[in-house]
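Chemist: below are the sequence and a predicted model; questions follow.
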Amino acid sequence: MTMSKRKTLGISLYILFVLVPIYWLLNMSFKTNEEILSSLTLWPQHFTLANYEVIFSDPSWYSGYINSILYVSMNVVITLLVALPAAYAFSRYRFVGDKHLFFWLLTNRMAPPAVFLLPFFQLYSSVGLFDTHIAVALAHCLFNVPLAVWILEGFMSGVPREIDETAYIDGYSFPRFFVRIFLPMIRSGIGVTAFFAFMFSWVELLLARTLTSVEAKPIAAIMTRTVGAAGIDWGVLSAAGALTIIPGLLVIWFVRNHVAKGFALGRV
Amino acid sequence: MSLTLENVTRVVDGVPFIADANITFEPGSFNVLLGRTLAGKTSLMRLMAGLDKPTSGRILMDGGDVTGVPVQQRNISMVYQQFINYPSMTVRENIASPLRLAKLPESQIEKRVRETAAMLHIEPYLERHPLELSGGQQQRTAMARALVKDASLILFDEPLVNLDYKLREELRFEMRELFKERRSIAIYATTEAHEALALGGTTTLLHEGQIVQSGPVNSVYSQPVNIQAAELFSEPPINLIRGRVSDSEVTFDEYAHFPLNQDLRQLAPGEYWFGVRPSHVGLVPHNDDDLELSTLVELAEISGSETFMHVRNEHFGLVLQLSGVHEYHTDTAIKVYLPTHKLFVFGMDGNLIQAPVKRVRG
């Protein structure tokens, strides 16, 4: 009994410790700049929503969120559309070099994103894709598609081939079988894949910042550049940071059951 | 609707899975495909279904060549050894799915789903999902889906293997009822000889990708074409003893002699393999012409109310299938009696020369 109590205490302390920076971010976002800079206060003495007002009223701030959400969604959709058929092929068919190709896909993730910075920048500039949402979405696919194929292949291989055959015998055409029977069977896998693709794309900064300037500038990039003439606007930055966490939280909330199931079933 | 395989061969990566299969299945027939694991039962069924393409040869349905026709366009159904259902659909939708794809009117779908579910006793579970059911019910669902659409060819690939003994008995009995008034060809694969005997119909023996023998179950059982067929269709396997026939008697390995009886009189002198079913060897003589052999007990396997007794002398071993429980210690000396009028005679090439003549007991 004391053992479990001690455990509870330990875990509580750990969670508290982990949450301190997030609390501090929230704390700052509800303070005025004067309070942030003048003294150490554990909670806002002069509670204000002004920082949030700035973000929701100034297009140069809120467009950052819209841009980020746009290219992240595009990326998740493209990743799934490309990875689903690829993973199906890897799990169901044997072809020349299939194992090598599968491994090669994975090696794509071994290079740091910075390596691809210059080629992407030059290529996109020359074909007129620079500073568009699709540019960032496509660039992120380089990292997300291999991972997605890998995760989905694990899930698909867990579905017995006989299900495919039974469906054909029943008279399903391939597309119909894939959408009506197969996808529902691996929905956990799709959830997990979407989660990983979202997470990578949402937090990736380097490529997203380099490939955009105004039109498709992500929120993370805007946050790093907000040093005005009056110095750093701590309050607004904190509010922006707090808001940036929310989409991630939402996604985790929606896929939490699938992820738990997914980690058990798939091979991640 | 008849199904014919003409010189069908399937080779995968240089390994022959099916070698030159020639066979015809009649409409309305119940056929059992009997063979050991890896004999090619599943390979043959997949070829018949159109899931795999033969390397060479033709598959004809009602005389028309269907060799390259995709499985969706053949009117077949199949039940696998694993319980294969669509987990995201209810049992009702599972059973209805072939009918929905065939675009039948809703009223008719409902009627046929009900009928089929009633036939297989899964009516109470129609609204549940397959994974919430027991193994037996899951397999019944799979069978219902196979039976609902009036396929002209229904394939069962060891459907009862993963079920417990009691359920297997029950479903096996129902299977025969289900097919009584159908016009479709049913093909049922199994590894168990007694299952083939229980199901009846036509039996096809398969060994290492080759069709060994095919015919009505009783004739295949009583007239195996060669040693292989006799071994496949006997559980436990048939006893084989090498013997020499002279003008007047048979000698087993220079050890035991018995005079040629009237059944064996036509045999030309020479070497033969003699086969006798384990159930025919006894511990007490039944006939005057039974051959008495002194043997030592190697092992007495008791399975329920039956005993499989392995005995041997210095020349050959025998297996006896005895009813009742017989407990013997190893190396106990006992006498066993070989019925000389129940011997199968095979040539040295393995082909059957003579099967025991059935006598009506008076």
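Modeler: Perfect, thanks for sending it.
Chemist: which SSE is B:K335 in?
Modeler: Secondary structure assignment for B:K335, by DSSP states H and E: strand B:333-338.
Chemist: can you name every helix or strand that that strand contacts?
Modeler: strand B:291-303, strand B:317-323 (3 or more C-beta pairs under 8 Å, 6 or more residues apart in numbering or on different chains; DSSP states H and E). Quick note: C-beta positions are derived from backbone N, CA and C, even for glycine.
Chemist: contacts for it, please.
Modeler: Under the contact criterion C-beta atoms under 8 Å, 6 or more residues apart in numbering or on different chains, strand B:333-338 has outside partners B:276, B:280-286, B:290-297, B:311, B:318, B:320, B:328.
Chemist: rerun at 7 Å
Modeler: When contacts are defined by C-beta atoms under 7 Å, 6 or more residues apart in numbering or on different chains, strand B:333-338 is touched by residues B:276, B:281-285, B:290-297, B:311, B:318, B:320, B:328.
Chemist: tilt between it and strand B:317-323?
Modeler: Direction vectors for strand B:333-338 and strand B:317-323, defined by axes from the mean of the first three to the mean of the last three C-alpha atoms, to 10 degrees, enclose an angle of 80 degrees.
Chemist: mind saving the C-alpha coords of strand B:333-338 as PDB?
Modeler: Only the C-alpha atoms of strand B:333-338 are listed here, as PDB (Å, rounded to 0.1, in the frame of the first residue of the first chain):
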ATOM      1  CA  ALA B 333       4.500 -61.700 -25.500                       C
ATOM      2  CA  ILE B 334       1.100 -62.000 -27.200                       C
ATOM      3  CA  LYS B 335      -0.400 -63.800 -30.100                       C
ATOM      4  CA  VAL B 336      -2.100 -61.900 -32.800                       C
ATOM      5  CA  TYR B 337      -4.300 -63.300 -35.600                       C
ATOM      6  CA  LEU B 338      -4.000 -62.100 -39.200                       C
END
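Chemist: can you lay out the helices and strands packed on strand B:333-338 as TSV showing mean neighbour count, distance to A:I134 and mean pLDDT?
Modeler: Compiled in TSV, these are given as follows (neighbours: other C-beta atoms under 10 Å in any protein chain shown; distance: least, C-beta to C-beta, whole Å; pLDDT from 0 to 100):
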stretch	mean neighbour count	distance to A:I134	mean pLDDT
strand B:291-303	15	70	87
strand B:317-323	18	75	88
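Chemist: so which of the ones you listed is nearest B:A39?
Modeler: Closest to B:A39 of these, according to C-beta to C-beta: strand B:317-323, at 21.8 Å.
Chemist: picking that back up, gap between the strand holding B:K335 and the chain center?
Modeler: The gap between the average C-alpha position of strand B:333-338 and the chain average comes to 31 Å, counting by C-alpha atoms, centre = their mean, to the nearest Å.
Chemist: what mean pLDDT does that strand have?
Modeler: On average, the pLDDT along strand B:333-338 is 88.
Chemist: got the angle for that strand vs strand B:291-303?
Modeler: Going by the same axes, to 10 degrees, strand B:333-338 makes 100 degrees with strand B:291-303.
Chemist: could I get the full set of helices for the chain?
Modeler: Using chain A here. Ranges of helices within chain A are A:2-29, A:33-38, A:50-57, A:59-92, A:98-107, A:117-127, A:133-157, A:161-170, A:174-177, A:183-185, A:187-203, A:206-210, A:219-224, A:234-265, based on DSSP state H.
Chemist: switch to chain B, that's the one I care about
Modeler: For chain B, the helices defined by DSSP H cover B:41-49, B:91-101, B:106-119, B:135-147, B:165-178, B:193-199, B:217-222, B:227-232.
Chemist: lowest average confidence across those, which one?
Modeler: helix B:165-178 (a mean of 82).
Chemist: buried residues in it?
Modeler: Buried positions in helix B:165-178, judged by neighbour count with 16 or more other C-beta atoms under 10 Å in any protein chain shown: B:L167, B:R168, B:L171, B:R172, B:M175, B:L178.
Chemist: dump the residues you listed to a markdown table, plus distance to A:A239.
Modeler: Putting the buried residues of helix B:165-178 into a markdown table (distance: C-beta to C-beta, whole Å) gives the following:
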| residue | distance to A:A239 |
| --- | --- |
| B:L167 | 65 |
| B:R168 | 68 |
| B:L171 | 67 |
| B:R172 | 72 |
| B:M175 | 71 |
| B:L178 | 70 |
